[in-house]
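Engineer: need coordinates for the following:
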Amino acid sequence: MYIIDRCVRYLPQILILVLLAALFPVFIQLWTVYRPLPPGERLLSPSPAISEIAESYDVVVVSSEPEGIAAAVSATRNGARTLLLSERDTVGGLMTAGMLNLIDIDRGHLWRLTTRGIFLEFYRQAGGSPFDVERGIRVFERMLEDEELLTVIRPIDDVLPLMQGNAVTGMRFTYQGQAVEVNAGRVIDASPDGDIAAAAGAPFTFGQEDYGREGTMAATLVMHFSGVDWSGVRRAARQENFGQARVLLNHGRGFARLFDAYEPHDPEMRLRGFNITRQNDGTVLINALLIYGLDPLDAEAKAAAFRRAQVETEHVLDFLRSEFPGFAQAEIAGYPEMLYVRESRHILGEYVLDIADVMENRDFPDRVAIGTYPVDIQAARQGEFGYIVGNPVQYSVPFRCLVPLEVDNLLVVGRAASFTSLAAGSARVIPVGMATGQAAGVAAVYSLEQGVPLRAIAQAPDGPHIRAIQKTLAEQGAYLKPFALEPKYTRHPAYPAARECMRLGLINAQYDNKGFNFNSPATHLMFANALHGALTRAKALDRLPALDRIQYPLSVPEEAITAQDAAQMALWITGTAASLDSAWEQAAEKGLIPPQYAGSDKKAPLTRGDAYIWIAHILTLF
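Structural biologist: Coordinates of the predicted model:
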């Protein structure tokens, strides 16, 4: 009884001690992650002298983009002597040299963070999103410096693969003015443009050519200003000076009306709504300046675009000083070291992730990363607008996307991996790229230790090698749980036709996926734009009579379209002028009417689902 009384008396103290004991490991982990960084110091040791570079390494990683850092750290932690070749002295690529510090976070089903592991280490240590760029550099440096088996060489130039047949066996590069060659068991290409894979002979598509369009998404020069009064930016959001916006303590998004309010001086540039962040030193970074018509594989063109964007930034500043609250005293604080290029090569791998895979929330047995970000397609040229194909819950990236066709001993990670250009609208985000980088590091080491080729692993997507790699990734923090999340819209009878239209970039479902509301009415304008776009991107119009197909008389563009109207429009766009009264019969003779509509009421209005069925059917004729 005495013992019980004493326990009851001291129960609060006992509970506190138990709680402290339970929290102690958490405290240690948090200290490891959030421990202060020495102010103003660089944490990465100087690059070695040429004489100190080894003749061979287990794994060579090309590019110190975030994806490359993840790959190098991953390979090293799994026991490989690893060499990281950095194209510039500043490590971190787009996040640091490009000053893109607002991270596109991937949260999937039940709001779970799906990109964990090495990305989450960086995210926590850098302070979340947005992060301070200077701190981000030092976090990346510390991550690299902590790995004893890792050698970092920076900056390098003229990097090319060493080949034996179709196998990459090492790398050649210029360092300190001299040509250097190193052998490698495996190479990981983390370059944004897939340079090593392309040089080794891997096939690829460029930009948006895979669905019939020329060019790439616009590039951006992040603008860096000092002297900005953040309270003025918040006031502009409250007053909706340039449209709706949300501005928090250190970041904001919105102000879409800037697109029309600012008149660019450069004909190939445009100002869109702001992604704006505030740095620890009070300066702000703005991701908003779009640069059209850039060939990202042309170094001279990129340098020229960079200089033109610097000039345009000066004009943007003049505009903001006079029109935007909080910018009256603003100055240009400096410029990033590099452009934010969203798209270039798409290397073709053992599997090409498709937009349908993304929007169907598809899971794969060889998943090595899970993405969730909306499919964000920026405009490619003046007169166009960016759009959101749709917003998946989550989808997995198969290991096969990292294994390029026709080249052995090589893995490709980041935005150049094997995604269609539309799928890359989601999968190109840095957290997914870092997850693929971590997976590539594990897979490279595993394939060396087991003596199994990377392609053999990829060609058995449900085999024991993949399961072993996934097990290691999970043990090292990756989130790779299987899932089944079939969207409701995929069960609609019109979805198979809509999927074909989606693959041609013709669906703008927006963040809420309302564009997949197949039972809503179709309009004349929607049908005309979608049909003409489908035939253009499928290269069908080149094979049709030379009628001015665009000039279909859209007298009621926003009114609901009937089946008879659709028949007339299909005739016009495919090269036959016809009256409304005769259109149904003429369209039937040409096979333009889908079979399931042949006996239907020609005056019945069409839904969006009907419109996609018509368009998909007409595409089969050409």
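Engineer: so who does Arg77 touch?
Structural biologist: Contact analysis of Arg77 by C-beta atoms under 8 Å, 6 or more residues apart in numbering lists Glu147, Gly441, Gln476. From N, CA and C alone the C-beta is placed, and that goes for glycine too.
Engineer: how about Tyr395?
Structural biologist: For Tyr395, the contacting residues are Leu353, Asp357, Val358, Glu360, Asn361, Arg362, Asp363, Ile370, Gly371, Thr372, Ser426, by C-beta under 8 Å, 6+ apart.
Engineer: try it again at 7 Å.
Structural biologist: For Tyr395, the contact set (C-beta atoms under 7 Å, 6 or more residues apart in numbering) comprises Asp357, Val358, Asn361, Arg362, Gly371.
Engineer: in the sheet, who's paired with it?
Structural biologist: In this structure, Tyr395 has beta-bridge partners Gly371, where bridges are defined by DSSP bridges.
Engineer: buried residues in stretch 503-518, which are they?
Structural biologist: Going by neighbour count (16 or more other C-beta atoms under 10 Å), the buried part of stretch 503-518 is Arg503, Leu504, Gly505, Leu506, Ile507, Asn508, Ala509, Asn513, Gly515, Phe516, Phe518.
Engineer: under the pLDDT cut-off, which ranges of this protein? List them.
Structural biologist: Counting by pLDDT under 70, the ranges of the chain that qualify are 1-15, 17-42, 543-556.
Engineer: how's it carved up into domains?
Structural biologist: Under the assignment automatic domain parsing, the domains of the chain span 46-212+342-486, 219-334, 491-620.
Engineer: how close does Cys401 sit to Phe306?
Structural biologist: Summarising the geometry, the distance separating Cys401 from Phe306, computed by C-beta to C-beta, to the nearest Å, is 31 Å.
Engineer: neighbour count winner among these two?
Structural biologist: Shown here are Cys401 and Phe306; by other C-beta atoms under 10 Å, Cys401 has more neighbours (30 against 18).
Engineer: my read: that one touches Asp354, true?
Structural biologist: No - contact status for Cys401 versus Asp354: not in contact, 10.6 Å apart, counting by C-beta atoms under 7 Å.
Engineer: quick one on the thing from earlier: who wins for most neighbours among the contacts of Tyr395?
Structural biologist: The most neighbours, when the contacts of Tyr395 are compared by other C-beta under 10 Å, belong to Val358, which has 30 neighbours.
Engineer: which helix or strand contains it?
Structural biologist: helix 355-359 (DSSP states H and E).
Engineer: elements contacting that helix?
Structural biologist: In this structure, helix 355-359 makes packing contacts with helix 495-502, judged by 3 or more C-beta pairs under 7 Å, 6 or more residues apart in numbering; DSSP states H and E.
Engineer: and the helix it packs on, what does it pack against?
Structural biologist: For helix 495-502, the helices and strands in contact under the criterion 3+ C-beta pairs under 7 Å, 6+ apart are helix 355-359, helix 608-620.
Engineer: residues in contact with the first one?
Structural biologist: What that stands for is helix 355-359. Outside helix 355-359, the residues that touch it by C-beta under 7 Å, 6+ apart are Val375, Val389, Gly390, Pro392, Tyr395, Thr420, Leu422, Ala423, Ser426, Arg499, Met502, Arg503.
Engineer: show me which of the residues you listed are buried.
Structural biologist: Val375, Val389, Gly390, Pro392, Tyr395, Thr420, Leu422, Ala423, Ser426, Arg499, Met502, Arg503.
Engineer: which of these sits closest to Leu43?
Structural biologist: Distances from Leu43 to those, taken as C-beta to C-beta, are shortest for Ser426 (33.0 Å).
Engineer: how close does that closest one get to Arg272?
Structural biologist: Counting by C-beta to C-beta, the separation of Ser426 from Arg272 is 19 Å.
Engineer: now do Tyr123
Structural biologist: Here Tyr123 is placed at a distance of 26 Å from Arg272 (C-beta to C-beta).
Engineer: using the three-state scheme, assign Asn246.
Structural biologist: Rather than Asn, residue 246 is Arg. Here Arg246 takes the strand state, with states given by DSSP: H, G, I helix; E, B strand; the rest coil.
Engineer: what does Asp581 give?
Structural biologist: In three-state terms, and counting by three-state DSSP, Asp581 is helix.
Engineer: wait, is Arg135 part of a strand?
Structural biologist: No - secondary structure assignment places Arg135 outside any strand; it is helix (three-state DSSP).
Engineer: so it makes contact with Ala126?
Structural biologist: Yes - using C-beta under 7 Å, Arg135 makes contact with Ala126 at a distance of 5.8 Å.
Engineer: quick one: which of the two has more around it?
Structural biologist: Neighbours of Arg135 and Ala126, each counted by other C-beta under 10 Å, are more numerous for Ala126; the result is 23 against 18.
Engineer: next, the most centrally placed residue in the chain: phi, psi?
Structural biologist: Nearest to the mean C-alpha position of the chain, counting by C-alpha atoms, centre = their mean, stands Arg428 at 2.0 Å. Dihedral angles of Arg428 (phi, psi; degrees, to the nearest 10) stand at phi -80, psi -10.
Engineer: repeat for Gln470
Structural biologist: Backbone dihedrals for Gln470, given as degrees, to the nearest 10, come out at phi -60, psi -40.
Engineer: if I look at it, how far off is Phe364?
Structural biologist: Separation of Gln470 from Phe364 (C-beta to C-beta) stands at 11 Å.
Engineer: again with Ala563
Structural biologist: Note on Ala563: its distance to Phe364, by C-beta to C-beta, is 40 Å.
Engineer: what does Leu454 give?
Structural biologist: Distance, Leu454 to Phe364, by C-beta to C-beta: 17 Å.
Engineer: comparing these two, which shows the higher neighbour count?
Structural biologist: Residue environment comparison for Leu454 versus Phe364 gives the larger neighbour count to Leu454, 25 against 20, counting by other C-beta under 10 Å.
Engineer: dump the residue contacts of that one.
Structural biologist: Contacts of Leu454 were listed using C-beta under 7 Å, 6+ apart, and they are Val403, Asn409, Leu411, Ala443, Ser447.
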